[in-house]
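*Asks:* kindly generate the corresponding structure for this input.
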Amino acid sequence: MVLPQRHRLRGLRVFNRLYRQSQRFNGTWMMLRVMAAQPSLLPYPDGLKPSSWRGAIVISGKVSKRAVVRNRLRRHFHHHLLSLNPTPLQPSWMVLSLKPGSAEIDPSQLLGECSHLMRQAGLMQ
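*Replies:* Below you'll find the predicted structure:
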């Protein structure tokens with residue numbers, strides 16, 4: 001399952017802004033970056049209504065050399081984010097980055113840490 005179009009974050013300018021100006025929440029196995037949405041950088045296509053959040057999941061080759069493993073982790077997180085359906089107070093952008101070594105951890109532990117970081121960030125109760 002992949003994040004629907006209305007929840008996907010994309011574009012070089014968006015990611016550059018997120019990496020420079022976002023608020024960071026560090027966990028043992030991942031980092032969550034969150035900032036208020038800036039519609040001027042990422043306009044909504046015709047027919048799509050803006051959602052309260054947009055996100056991306058970054059899993060580098062340092063997490064696992066095998067693309068199969070990285071893609072499986074990405075699918076786990078996509079499904080988890082859609083099931084949580086975070087409701088921030090204001091429209092937000094977020095990037096979830098996994099740290100090296102997180103591929104060896106049980107996915108349920110990773111998803112639990114993701115939920116914990118999202119609560120810290122104020123994206124969910």
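*Asks:* contacts, neighbours, all on C-alpha from now
*Replies:* Noted.
*Asks:* the residue lying closest to Arg13 once chain neighbours are set aside: what secondary structure?
*Replies:* Nearest in space to Arg13, with sequence neighbours left out and distances taken as CA to CA, 6 or more residues apart in numbering, is Leu41 at 6.9 Å. Of the three states, Leu41 takes coil under DSSP: H, G, I helix; E, B strand; the rest coil.
*Asks:* give me the neighbour count for Leu41.
*Replies:* 12 (other CA atoms under 10 Å).
*Asks:* which elements pack onto the helix or strand bottoming out on mean pLDDT in the chain?
*Replies:* Within the chain, no helix or strand scores below strand 53-58, which has a mean of 90 by mean pLDDT, DSSP states H and E. For strand 53-58, the helices and strands in contact under the criterion 3 or more CA pairs under 8 Å, 6 or more residues apart in numbering; DSSP states H and E are helix 67-84, strand 92-98.
*Asks:* quick check: angle from the helix or strand encompassing Leu111 to strand 92-98?
*Replies:* With elements taken from DSSP states H and E, the one containing Leu111 is helix 107-121. Following axes from the mean of the first three to the mean of the last three CA atoms, to 10 degrees, one obtains 140 degrees for the angle between helix 107-121 and strand 92-98.
*Asks:* one step back: for Gln23, find the nearest of the helices and strands packed on strand 53-58.
*Replies:* Among these, strand 92-98 comes nearest to Gln23, with 9.5 Å by CA to CA.
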